[in-house]
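Visitor: no FASTA, just this:
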């Protein structure tokens, strides 16, 4: 299975053609309207739509219904098409999606949408344009990128534009099975809408840097090349994530879709606003998740945790004295493991039950901060203090 960023390889001559959506069993009761606030921005305006009503009239409760037509009608104007190219007219570029996140003309998208290449050190496109649903097309500045989590922040001049600002949902607002809507420009078909559900939460997907992006959302809503950077919206019209990539065995859009969670996107945007880029702490270990049968086979002393399988030389974990594997590779069930490494079960009293937990907990600290890891070494508990480093651009080799 190959993860494929939902990106269009070259710019085509496109004609904006917003979809005319038919009713999907929606509630046509116009008395159920969302609160809308509009403020002047230059000669244009900025509209913020509060929580939309759901078809069953409920709150964000279990089993609520979704109305794609209402979501598109109210919020589609806040979703844009992003065209990126090199510095000259002969340079090829790409096409993706994005959405308005502030009254100042800030646009959120994926880092790979505005990068000339799929590597962590690929240059940012020399020319970027944002096209709105109302056919306005304006130049944009790339404020900065977070290559670790595939997030970019753009800035346009909002003067004379009528913007629709989308709002982020909280971490507690996403649940497996909840209905969602994706809006974007798959294959250049602008303002396209697809509907699905949240298939899973807390997924881990690989970024161009080689580090994993954790806390990702898996969805069965159709996400194809060109959807990258567009919003994944819940039934209330709140952004729960940025559509980022698909995992496919065929090389096309038939596969599993993933979105970067709103929590991760907001954290990245905050850092980009402050310094033009994002910086994250670095522990310097590679791990696998522990399960009961694995723990028994290798006498790990705990049936949960993140079992260290590699420690890059000179990294924070290595310098702190964390133990990596010390024996030959052994086959167990369908995988190969290297025995001898520490099993991390907590960081500063925050539990670590899986490898994904380890990444999520570490990301909550700052580079340079000293933390205490609780590990099992040789089946016995031990505390190890580690001074976290700054995550390098690409994953170091062990």
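Guide: Sure thing, it's come through. Keep in mind the model is a prediction, meaning the values are calculated, not measured.
Visitor: what sits up against stretch 200-211?
Guide: With contacts defined as CB atoms under 8 Å, 6 or more residues apart in numbering, stretch 200-211 is touched by 3, 111-112, 115, 118-120, 122, 147-150, 174-176, 212-218, 244-245, 247, 258, 355-356, 359-360, 391, 393-395. Where C-beta positions appear, they are placed from N, C-alpha and C, glycine not excepted.
Visitor: Can you flag which of those belong to strands?
Guide: 3, 212-218, 244-245, 247, 258 (DSSP state E).
Visitor: Give me the buried subset of these.
Guide: 212-218, 244-245, 247, 258 (16 or more other CB atoms under 10 Å).
Visitor: Between the ones in strands among the contacts of stretch 200-211, which sits nearest residue 309?
Guide: Nearest to residue 309 among these is residue 212, at 14.1 Å by CB to CB.
Visitor: contacting residues around that closest one?
Guide: Neighbour list for residue 212: 204-206, 356, 359 [criterion: CB under 8 Å, 6+ apart].
Visitor: With pLDDT and distance to residue 326 as new columns, can these be given to me in CSV?
Guide: What follows is the contacts of residue 212, written out as CSV (pLDDT from 0 to 100; distance: CB to CB, whole Å):
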residue, pLDDT, distance to residue 326
204, 86, 26
205, 86, 31
206, 81, 28
356, 90, 25
359, 92, 24
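Visitor: And the buried ones among those residues, selectable in ChimeraX?
Guide: The ChimeraX command for the buried members of the contacts of residue 212 (criterion: 16+ other CB under 10 Å) is given here:
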select :205,356,359
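Visitor: mind checking how far the most centrally placed residue in the chain is from residue 206?
Guide: Geometric centre of the chain, nearest residue: residue 260, 1.5 Å, by CA atoms, centre = their mean. Going from residue 260 to residue 206 by CB to CB, to the nearest Å gives 12 Å.
Visitor: so what sits against both of those two?
Guide: residue 213.
Visitor: Using pLDDT, spot the least trustworthy of the buried ones among the ones in strands among the contacts of stretch 200-211.
Guide: When those are compared by pLDDT, residue 247 scores lowest at 78.
Visitor: Please tell me how far it sits from residue 226.
Guide: 17 Å.
Visitor: now residue 172
Guide: Taking CB to CB, one finds residue 172 at 31 Å from residue 226.
Visitor: okay, the buried ones among the ones in strands among the contacts of stretch 200-211 in CSV with distance to residue 96 next?
Guide: Shown next, in CSV, are these (distance: CB to CB, whole Å):
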residue, distance to residue 96
212, 22
213, 17
214, 22
215, 21
216, 17
217, 18
218, 20
244, 10
245, 11
247, 18
258, 15
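Visitor: quick one: which two of those are the most distant?
Guide: Among those, the pair separated by the greatest distance (CB to CB) is 215 and 247, at 16.6 Å.
Visitor: which stretches of the stretch 201-350 of the chain have low pLDDT?
Guide: 248-255 (pLDDT under 70).
Visitor: Show me what the longest helix along the chain is packed up against.
Guide: If you go by DSSP state H, the chain has its longest helix at helix 262-275. For helix 262-275, the packing partners by 3 or more CB pairs under 8 Å, 6 or more residues apart in numbering; DSSP states H and E come out as strand 106-109, strand 141-146, strand 151-155, strand 212-219, strand 239-248.
Visitor: so the fourth one versus helix 262-275, what angle?
Guide: To tie it back to what came earlier, the one meant is strand 212-219. In terms of direction (axes from the mean of the first three to the mean of the last three CA atoms, to 10 degrees), strand 212-219 departs from helix 262-275 by 130 degrees.
Visitor: The third one too?
Guide: With the same axes, to 10 degrees defining the directions, strand 151-155 sits at 50 degrees from helix 262-275.
Visitor: Each with direction, which strands does strand 151-155 pair with?
Guide: Strand 151-155 has the following strand partners under DSSP bridges: strand 106-109 (antiparallel), strand 141-146 (antiparallel).
Visitor: just checking, which of these sits deepest inside the structure?
Guide: strand 106-109 (a mean of 28; mean count of other CB atoms under 10 Å).
Visitor: how distant is that strand from the center of its chain?
Guide: 13 Å (CA atoms, centre = their mean, to the nearest Å).
Visitor: Which SSE is immediately downstream of it?
Guide: Going down the chain from strand 106-109, the next helix or strand is strand 127-131, by DSSP states H and E.
Visitor: average pLDDT for that following strand?
Guide: Averaging pLDDT along strand 127-131 yields 96.
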